[in-house]
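# Here is my input, please return the structure:
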Amino acid sequence: MEIVHISAECYPVAKAGGLGDVVGALPKYQCLAGHTAKVVMPMYRTKFLYNHEWVVDFKANANLGDWFFEYTIIREKKNSLGFDLYLVDINGLLDREKIYGYDDDTERFTAFQIAVVNWLASWEHRPDIVHCHDHQAALVPFMMKHCFNYRHLSRISTVFTIHNGQYQGWMNWSQSNLIPAWDEWKTGLLEWNGRINPMAAAIKCAEKITTVSQSYMEELFWDANGLEALFEYERGKCSGILNGIDNEIWNPETDTYLQSHFTIKTVTEGKQKNKELLCTQFNLDISKPLFVFIGRLVGEKAADILADAISSAIYHTNGEAAFFILGSGQTDVEWSLQQLAHHHKGIYNAYIGYNEALSHLIYAGADFLLMPSRVEPCGLNQMYAMRYGTVPVVRSTGGLKDTVVDMGDPDGYGIRFNHASVDDLVYSIGRGVSVYQDKAQMEKMRKTMMRIDNSWEATVQKYINLYQSII
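Prediction:
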């Protein structure tokens, strides 16, 4: 079958979080399974754009309300990602370096969706599935079914995947004219709580709704930032499909970012070599268990509790643990984590920013990964950590609950706790320090988690089955 993925992100073209990782991997493995998968996304001005060859695939014009705009769709020439990649260029809107964070993001992504649907409407054939990801692509199912110019697309089946239900793309009714002429009898499909809600529209209009883990799907029925009743009403077409990870990229045996590679058999020696490099680079005591955090320093990730939790853990363990932070986000959180470095030299350090190469070294060299997330629809970091033999220390929520078995349970290999609080995190760090001192147990946990198959190969068939149920 032919699947068209529509997304604001795709690794390694442009990525802000897990959405980019998923859209960069799922289509590749769908192609490897014998299907034709394509990705269409905005043409941001990124290194990937300038470092690859492109051919112009389509040029046309459209309207965003009263604004007439021209757009160009280009295709990556060599299929270097394992699938056809298309970028949409709209001068003045999409020709920017950053993905998000602009005052006109509503206009930017609405114009992007209009261009994509306009392009699909020009095809001589019809794809089997249009798969939309998050609110930046959430108006597409509505437009394909209820905008007058695109109704011939209405027989194409659409799937909408929610990577984060907290962000829904809300629009005021004054912005309704941005959407191409549509059947006003269908106003109710756009509306939720008095506003245009693109995510709500996609939930109503798409044939199937998926989220990135089964536990997160269940959570949305009672915590969906105002959409709980809608999820309950549409329960019959909702399902959770756990994300996978790209085992070609995340492989400690071949990882191009690592100097010292290792396998399950050599995990203890291999991790020690990477830990030595990491600790030397950031002045950390290599003899102590190393706890790390990698990710956005925002409330959803409970990054605001890290500084207090680390300070308390250092006190309660008498300095018998070391900590390292990699991430960026809220200014106050960044500042609090930077300040710790002045008080705990040798056992704490932080790198504020994004560094892909460093993240790979951290997964390979760390002993424990901290994920105290308040919201974690799926989580990929814990899967990366497990692939590299790093014990995940996670809150029992969303995909973390689905992928990590506590070490107190049979064949357990991780550490789980219930609340995104300083006390729960400090207690869990203490459990980590204790198990680290039992070398045999630590090695057993590492080897157990490294044998787990979280690859996309194990997940792709679930999507194929879902598609086939609605074609």
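
# Contacts only, for the most centrally placed residue in the chain.
Closest residue to the average C-alpha location of the chain: residue 18 at 1.1 Å, with C-alpha atoms, centre = their mean. Listed by C-beta atoms under 8 Å, 6 or more residues apart in numbering, the contact set of residue 18 reads 163, 212, 243, 377, 378, 379, 380. Heads up, the C-betas are built off the backbone N, CA and C, glycines and all.

# Closest one of those to residue 297?
Distance to residue 297 across the contacts of residue 18 (C-beta to C-beta) is lowest for residue 379, with 16.1 Å.

# Would you mind giving both backbone torsions of that closest one?
phi 80, psi 120 (degrees, to the nearest 10).

# Check residue 275 too.
Torsion angles, degrees, to the nearest 10, at residue 275: phi -70, psi -40.

# quick one: contacts for the residue lying closest to it once chain neighbours are set aside?
Of all residues not flanking residue 275 in the chain, residue 365 sits nearest, at 4.0 Å (C-beta to C-beta, 6 or more residues apart in numbering). Residues in contact with residue 365 (C-beta under 8 Å, 6+ apart) are 271, 274, 275, 276, 277, 278, 279, 290.

# next one: residue 428
393, 415, 416, 417.

# The helix or strand where it lies: what's the following helix or strand?
If you go by DSSP states H and E, residue 428 is part of helix 422-436. Going down the chain from helix 422-436, the next helix or strand is helix 439-450, by DSSP H and E.

# any idea how the chain splits into domains?
2-244+457-468, 267-450 (automatic domain parsing).

# quick one: which of those domains is nearest residue 250?
Nearest to residue 250, of the domains of the chain and by C-beta to C-beta, is domain 267-450 at 5.1 Å.

# Can you give me the end-to-end span of that closest one?
9 Å (C-alpha to C-alpha, to the nearest Å).

# pLDDT below threshold where in the stretch 101-250 of the chain?
For the stretch 101-250 of the chain, no stretch has pLDDT under 70.

# mind listing the strands in it by residue range?
129-133, 157-162, 191-192, 195-196, 208-211, 238-240 (DSSP state E, counting those that start in this stretch).

# what's the closest of these to residue 83?
strand 129-133 (12.3 Å).

# between that closest one and strand 157-162, how big is the angle?
20 degrees (axes from the mean of the first three to the mean of the last three C-alpha atoms, to 10 degrees).

# who does strand 129-133 pair up with?
strand 2-6 (parallel), strand 157-162 (parallel) (DSSP bridges).

# Please identify which of those strands is closest to residue 65.
So among those, strand 2-6 is nearest, using C-beta to C-beta, at 20.9 Å.

# Quick one: distance of that closest one to the chain centre.
18 Å (C-alpha atoms, centre = their mean, to the nearest Å).

# got the buried residues for that strand?
3, 4, 5, 6 (16 or more other C-beta atoms under 10 Å).

# Quick check: the third one touching residue 31?
No. With contact defined as C-beta atoms under 8 Å, residue 5 does not count as touching residue 31 (11.3 Å).

# so what sits against both of these two?
residue 37.

# which residue ranges form the helices in the stretch 301-450 of the chain?
306-316, 331-343, 356-365, 381-387, 398-403, 422-436, 439-450 (DSSP state H, counting those that start in this stretch).

# who touches the first one?
When contacts are defined by C-beta under 8 Å, 6+ apart, helix 306-316 is touched by residues 291, 293, 297, 321, 323, 325, 333, 336-337, 339-340, 343-344, 347-348, 370, 372, 422, 425-426, 429-430.

# Tell me what angle it forms with helix 331-343.
30 degrees.

# hang on, the earlier thing: closest to residue 257 out of the helices of the stretch 301-450 of the chain?
Minimum separation from residue 257 across the helices of the stretch 301-450 of the chain (C-beta to C-beta) falls at helix 356-365, 3.8 Å.

# show me what contacts residue 45?
95, 96, 97.

# Now rank those by neighbours and give me the top one.
residue 96 (16 neighbours; other C-beta atoms under 10 Å).

# Thought residue 102 was touching that residue, still the case?
Yes. Using C-beta under 8 Å, residue 96 is in contact with residue 102, at 7.0 Å.

# From residue 393, how far out is the residue located most distally from the centre of the chain?
For the chain, the largest distance from the centre (C-alpha atoms, centre = their mean) belongs to residue 318, which lies 36.2 Å off. Going from residue 318 to residue 393 by C-beta to C-beta, to the nearest Å gives 19 Å.

# now residue 44
For residue 44, the distance to residue 393 - C-beta to C-beta - is 34 Å.

# Equivalent analysis for residue 125, please.
50 Å.

# More neighbours: which of these two?
Comparing residue 125 with residue 393 by other C-beta under 10 Å, the one with more neighbours is residue 393, at 27 against 5.

# Just grab the bridge partners of the more buried one for me.
residue 370, residue 415.

# pretty sure it contacts residue 432?
Yes. The pair residue 393 / residue 432 is scored as a contact, 6.0 Å apart, by C-beta under 8 Å.

# any residues in contact with both of these two?
Joint contacts of residue 393 and residue 432 (C-beta under 8 Å, 6+ apart) are 291, 368, 415.

# Now tabulate these in JSON lines and tack on pLDDT, distance to residue 249 and neighbour count.
Formatted as JSON lines, the shared contacts of residue 393 and residue 432 follow (pLDDT from 0 to 100; distance: C-beta to C-beta, whole Å; neighbours: other C-beta atoms under 10 Å):
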{"residue": "291", "pLDDT": "98", "distance to residue 249": "24", "neighbour count": "28"}
{"residue": "368", "pLDDT": "98", "distance to residue 249": "22", "neighbour count": "25"}
{"residue": "415", "pLDDT": "98", "distance to residue 249": "26", "neighbour count": "24"}
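
# if we take those, which one ends up nearest to residue 75?
residue 368 (43.2 Å).

# which ones are touching the closest one?
289, 290, 291, 292, 390, 391, 392, 393, 415, 429, 432, 436.

# same check, this time on residue 404
382, 386, 392, 394, 413, 414, 415, 416.

# Closest one to residue 445 out of those residues, please.
residue 413 (4.4 Å).

# Run a quick neighbour tally on that closest one.
For residue 413, the count of nearby residues is 22 (other C-beta under 10 Å).

# ok, it to residue 442 distance?
From residue 413 to residue 442 the distance is 10 Å (C-beta to C-beta).

# between the two, what contacts are shared?
residue 391.

# Next, the buried residues of stretch 45-64.
46, 48, 49, 58, 62, 64.

# An error on my part: the question was meant for stretch 307-319.
For stretch 307-319, by 16+ other C-beta under 10 Å, it's 307, 309, 310, 311, 312, 313, 314, 317.

# That stretch: how far from the chain's middle?
Relative to the mean C-alpha coordinate of its chain, stretch 307-319 is positioned 30 Å out (C-alpha atoms, centre = their mean).
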